[in-house]
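Student: need coordinates for the following:
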Amino acid sequence: MPLAPVRRSGKTTLLNRILAGDHGKRIVVIENEFGEIDIDSELVAFQENGEEDIMLLNNGCLCCSVRGDLVDMLGRLVIEKKGQFDHILIETTGLANPAPIIQTFYLEPDLLDTLRLDGVVTLVDSKHAMLHLDEEKPEGMVNEALEQIAFADRLVMNKADLVTQPELLSIENRVRTINNIANVQRAEKANVDLNFVLGVGGFDLDRVEDVIIGEEKEEDHGHSHSHSHGDSHSHHVHDDTVTSVSLTMDGEVDLDLVNDWLGMLLNDRWQDLFRMKGVLAIEGCDDRYVFQGVHRLFEGMPDKPWEDGVARSSKLVFIGKDLDRDELEKGFKACAVGESVGAASQ
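Tutor: Numbering: from 1, shown residues only. You can find the predicted model right below:
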């Protein structure tokens, strides 16, 4: 499970809390060596009890150039310590993009047979978040803080005690505009429920619908509420290059048309499409169809059956750079079965 901190957000404190926690889990940490290692050495007692390991990736950045090193390291773990650990935490640097790590688990068949990608946890420094999110980058480059939030399954709003309530609500509103499918939890000194960051299931297809339903509830309650606070501060949100787009459509869709449309999107815009999740009502299929994607990697499968008497509808969520809501909605509507199907964007 990658940990993607936004700058000095309290990542090391969280790692130490996880290692010291009374959870009974056996944990391996893969730590990027980037100048200094702050993990509490007293917690790293694997030489005595074999419960925790710290492994160092010396290249300083988990990116494409060191993906082979990561694969080798994970392979050694599986061979040498098979059955001796429950979780592997991969700590990225404050400037690392989580995408290459995610893609590694999909592109390496040997890893797929032995390890399961659980989720991406991003810590946000509530005190300095706006400064990092507003940092201007050269044309064509994406703000790393935006990327880390966009890829997250869990967002920990750390240092919540160092900002006022209106400031915190404004930051949360900004974060949810970037990523509206991640669960958000506030924390002080990285003190967060370990169940929130372990056993996430962010890449389990059988949990996609729960994520989509959770996103809808967030819009109906918490998300819409947060928009009512600090709007004057968040007008510039619309200038963010990374945003979330949610689309809902009543009725059924044609699977061939959906495949063609998504295939075209992934072919033309895969670098800009960070994450996708969806639940589809497919014509002639008694089961819901769930899917998810990361960049050009895409997977889907039939899920549980539609209940009798329940109106069928489809819901898609895209998180990416420079997304055109109208264009996405138009493409989605073109996949509908029949002329009387209505679509709405949110």
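Student: what ranges do the helices span in this protein?
Tutor: With DSSP state H as the criterion, the chain has helices at 11-20, 46-49, 67-80, 99-107, 109-114, 129-133, 144-150, 165-178, 194-197, 208-218, 224-227, 255-269, 325-333.
Student: now do the last one: distance to the chain's middle.
Tutor: Meaning helix 325-333. Mean C-alpha position of helix 325-333 versus that of the full chain (Cα atoms, centre = their mean, to the nearest Å) differs by 23 Å.
Student: nearest to residue 242 among the helices of the chain would be which one?
Tutor: With Cβ to Cβ as the criterion, residue 242 lies closest to helix 144-150 of these, at 4.1 Å. Where C-beta positions appear, they are placed from N, C-alpha and C, glycine not excepted.
Student: which strands or helices does the closest one pack on?
Tutor: strand 121-125, helix 129-133, helix 165-178, strand 242-250, strand 273-280 (3 or more Cβ pairs under 8 Å, 6 or more residues apart in numbering; DSSP states H and E).
Student: okay, angle between the last one and helix 165-178 too, please.
Tutor: Meaning strand 273-280. In terms of direction (axes from the mean of the first three to the mean of the last three Cα atoms, to 10 degrees), strand 273-280 departs from helix 165-178 by 80 degrees.
Student: on that earlier part again, need the helices of the chain in CSV (columns: mean pLDDT).
Tutor: Shown next, in CSV, are these (pLDDT from 0 to 100):
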stretch, mean pLDDT
helix 11-20, 83
helix 46-49, 37
helix 67-80, 80
helix 99-107, 84
helix 109-114, 79
helix 129-133, 90
helix 144-150, 91
helix 165-178, 95
helix 194-197, 90
helix 208-218, 74
helix 224-227, 34
helix 255-269, 93
helix 325-333, 96
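Student: out of the ones you listed, which one sits most buried?
Tutor: Neighbour counts (mean count of other Cβ atoms under 10 Å) averaged over each of the helices of the chain peak at helix 144-150, with a mean of 25.
Student: quick check: chain neighbours aside, which residue is closest to residue 289?
Tutor: Nearest residue to residue 289, sequence neighbours excluded (Cβ to Cβ, 6 or more residues apart in numbering): residue 280, at 4.3 Å.
Student: equivalent analysis for residue 290, please.
Tutor: residue 208 (4.0 Å).
Student: need the contact list for that neighbour.
Tutor: Each residue near residue 208 by Cβ atoms under 8 Å, 6 or more residues apart in numbering is listed here: 277, 278, 279, 290, 291, 292, 303.
Student: nearest to residue 334, of those residues?
Tutor: residue 278 (15.6 Å).
Student: from residue 302, how far off is that closest one?
Tutor: 13 Å (Cβ to Cβ, to the nearest Å).
Student: and what of residue 262?
Tutor: From residue 262 to residue 302 the distance is 17 Å (Cβ to Cβ).
Student: now do residue 318
Tutor: 22 Å.
Student: check residue 284 too.
Tutor: Residue 284 sits 12 Å away from residue 302 when distances are taken as Cβ to Cβ.
Student: out of those two, which sits in the more crowded spot?
Tutor: Set side by side, residue 284 and residue 302 show more neighbours around residue 302, with 14 against 8, by other Cβ atoms under 10 Å.
Student: shouldn't that one be in contact with residue 291?
Tutor: No - counting by Cβ atoms under 8 Å, residue 302 does not reach residue 291; the two are 10.4 Å apart.
Student: so which residue is smack in the middle of the chain?
Tutor: residue 152 (2.5 Å; Cα atoms, centre = their mean).
Student: that one and residue 164: what is the separation?
Tutor: Residue 152 is 24 Å from residue 164, by Cβ to Cβ.
Student: equivalent analysis for residue 117, please.
Tutor: 37 Å.
Student: so which of those two has more stuff around it?
Tutor: residue 117 (23 against 8).
Student: enumerate every residue touching that one.
Tutor: By Cβ under 8 Å, 6+ apart, the neighbours of residue 117 are 1, 102, 105, 106, 202, 203.
Student: which pLDDT value goes with it?
Tutor: Per-residue pLDDT puts residue 117 at 91.
Student: residue 188: which of the helices and strands packed on helix 144-150 is closest?
Tutor: helix 165-178 (11.4 Å).
Student: and the closest one with strand 242-250, angle?
Tutor: 70 degrees.
Student: which strands and helices lie in contact with helix 165-178?
Tutor: Short answer (3+ Cβ pairs under 8 Å, 6+ apart): helix 165-178 packs on helix 129-133, helix 144-150, strand 154-158, strand 183-186, helix 224-227, strand 242-250.
Student: starting at the chain centroid, how far to it?
Tutor: That offset, for helix 165-178, works out to 17 Å (Cα atoms, centre = their mean).
Student: tell me the angle that helix makes with strand 154-158.
Tutor: For helix 165-178 against strand 154-158, the angle by the same axes, to 10 degrees is 160 degrees.
Student: with just CA atoms, put helix 165-178 into PDB.
Tutor: Extracted in PDB, the C-alpha atoms of helix 165-178 (Å, rounded to 0.1, in the frame of the first residue of the first chain):
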ATOM      1  CA  GLN A 165     -12.600  25.400  11.500                       C
ATOM      2  CA  PRO A 166     -13.500  27.600   8.500                       C
ATOM      3  CA  GLU A 167     -10.000  27.100   7.100                       C
ATOM      4  CA  LEU A 168     -10.300  23.300   7.500                       C
ATOM      5  CA  LEU A 169     -13.700  23.200   5.800                       C
ATOM      6  CA  SER A 170     -12.300  25.200   2.900                       C
ATOM      7  CA  ILE A 171      -9.300  22.900   2.500                       C
ATOM      8  CA  GLU A 172     -11.600  19.800   2.600                       C
ATOM      9  CA  ASN A 173     -13.800  21.400   0.000                       C
ATOM     10  CA  ARG A 174     -10.800  22.000  -2.200                       C
ATOM     11  CA  VAL A 175      -9.600  18.400  -1.700                       C
ATOM     12  CA  ARG A 176     -13.000  16.900  -2.500                       C
ATOM     13  CA  THR A 177     -13.100  19.000  -5.700                       C
ATOM     14  CA  ILE A 178      -9.900  17.200  -6.800                       C
END
